[in-house]
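Engineer: Let me see the structure of the following:
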Amino acid sequence: MKHILVFFFFMGLAASSPAQPIITFDKTTHDFGKVNEMDGEAIHDFTFRNDGTSPLIIKNVTTTCGCTTPEWTKQPVAPGKSGLIKVSYDVKGRPGAIDKTITVLSNGKPEAAYLRITGEVVGADRAPAEAYRFPMGSLRLSEKHIAFDRVWPYEKPVLTVTAYNPGPDAVKISFVDLPPHIKVEVAPSVIEKDGRASIRITFDAARKNDWGFVSDRFSMVLNDDGSKTYPLLVTATVREDFSRWTAEQLRNAPVAAMESTVVDAGRIKQGEKKEYRIKVTNKGKSKLLLRKVESPSRMVTVSAPEGIAPGASAELILKYDTEGQKGMQNKAVSIITNDPVNEQITLRLKADIE
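Structural biologist: Predicted coordinates for the structure are as follows:
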């Protein structure tokens with residue numbers, strides 16, 4: 001009788017346990033090894049399985065740059081069944097190291113899973129004029145836009161640009177207008193005829209203290225002649241590393257719920273200034289941080305609270321100046337949050353200016 005009662009006790013526990021999908025990957029990192037730039041693409045299929053007790057749905061798959069393209073199983077994956085995340089990396093014109101992160105968001109446990117691809121792209125053998133495409137005074141550079149793609153806030157990643165001196169005189173390199181979070185080292189600092197130098201750029205994300213897409217400029221000076229400088233652009237996308245969050249943090253994470261992600265302003269007369277309010281609710285269990293709210297359009301300004309308590313709501317206030325605008329308009333507002341599922345939200349303002 002005692003054994004029967006114990007059996008029904010555990011049966012009752014099992015029956016009361018909520019059904020939940022669990023996403024499990026065969027592996028979360030793939031090393032392509034050495035890939036020839038002329039191959040065009042490096043492709044790998046990450047296989048996952050639903051080890052839970054209810055259907056698994058992949059909500060979204062995001063990557064750290066446009067060079068990495070994901071495809072995934074769109075249909076619900078039944079318990080015990082498998083699905084696929086196909087990752088393609090465009091190697092053309094990208095010689096050097098591969099190190100990219102892919103974020104998989106689902107209704108399963110964990111809600112956010114992280115995949116990584118690594119490797120090395122072996123560059124095609126090119127003539128110097130083609131390999132070093134950007135003339136900078138008497139030098140040529142392999143790049144003038146240093147794109148760090150995704151950067152975690154605790155990282156200090158390094159990228160290298162090569163400078164080439166086609167002749168006939170030696171050239172000394174130095175740099176001015178460096179932001180405090182960017183460090184530049186060049187070796188050698190003097191490039192002889194037909195010589196090359198490595199310019200190492202380090203991006204200190206913690207010192208930058210910003211979120212989302214960020215950009216900075218500094219300038220190169222040749223032979224200490226400050227009368228003419230050559231600008232270089234550094235960009236990065238600083239994102240929260242939710243893989244470091246504990247299971248308890250994820251369970252108690254904030255949840256950003258927008259009243260709407262589209263503001264349809266209808267027809268507006270040119271020159272009018274309009275104001276729109278959009279409610280944001282925190283449906284999670286910890287404080288929701290609106291880390292960055294901005295629009296690339298100078299015609300749109302946004303004011304927003306820095307944080308929203310659990311269960312509370314607040315308003316984003318959009319101000320739209322239609323001066324000089326006409327016809328159909330589509331303006332974007334980017335919102336960066338600490339919600340693991342809705343880290344970046346895009347709000348769109350549509351209007352027909354007459």
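Engineer: Span of stretch 151-167 from start to end?
Structural biologist: 37 Å (C-alpha to C-alpha, to the nearest Å).
Engineer: what's the average pLDDT for that stretch?
Structural biologist: Taken as a whole, stretch 151-167 carries a mean pLDDT of 89.
Engineer: Equivalent analysis for stretch 69-77, please.
Structural biologist: For stretch 69-77, mean pLDDT rounds to 93.
Engineer: same deal with stretch 186-202?
Structural biologist: Here the average pLDDT along stretch 186-202 is 92.
Engineer: residues making contact with it?
Structural biologist: Stretch 186-202 has contacts (C-beta atoms under 8 Å, 6 or more residues apart in numbering) with 139, 141, 146, 156-175, 182-185, 234. No exception for glycine: its C-beta is placed from N, CA and C like everyone else's.
Engineer: Which of the residues you listed are buried, as a PyMOL select command?
Structural biologist: The PyMOL selection below is limited to those of the contacts of stretch 186-202 classed as buried (16 or more other C-beta atoms under 10 Å):
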select buried, resi 139+141+146+157+159+161+163+164+165+171+173+175+182+183+184+234
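Engineer: how deep is the nearest residue to P305 once chain neighbours are set aside tucked in, by neighbour count?
Structural biologist: Nearest non-adjacent residue to P305, counting by C-beta to C-beta, 6 or more residues apart in numbering: A314, 4.5 Å away. A314: 17 surrounding residues under other C-beta atoms under 10 Å.
Engineer: State the phi and psi torsions of A314.
Structural biologist: phi -150, psi 170 (degrees, to the nearest 10).
Engineer: Next, F46: secondary structure please.
Structural biologist: Following DSSP: H, G, I helix; E, B strand; the rest coil, the label given to F46 is strand.
Engineer: list the contacts for it?
Structural biologist: With contact set as C-beta under 8 Å, 6+ apart, F46 has these partners: 25-28, 30, 84-87, 102, 115.
Engineer: Kindly indicate which of those residues lies nearest E41.
Structural biologist: When the contacts of F46 are ranked by distance to E41 (C-beta to C-beta), V87 comes first, at 10.2 Å.
Engineer: from memory that closest one sits against T68, does it?
Structural biologist: Yes - under the criterion of C-beta atoms under 8 Å, V87 makes contact with T68 at 6.4 Å.
Engineer: Find the residues that touch each one of the two.
Structural biologist: Joint contacts of V87 and T68 (C-beta under 8 Å, 6+ apart) are 102, 117.
Engineer: pLDDT score assigned to A15?
Structural biologist: pLDDT at A15 comes out at 46.
Engineer: no no, G123
Structural biologist: pLDDT recorded at G123 is 73.
Engineer: still on that earlier bit, among the contacts of F46, name the buried ones.
Structural biologist: Buried among the contacts of F46 (16+ other C-beta under 10 Å): 30, 85, 87, 102, 115.
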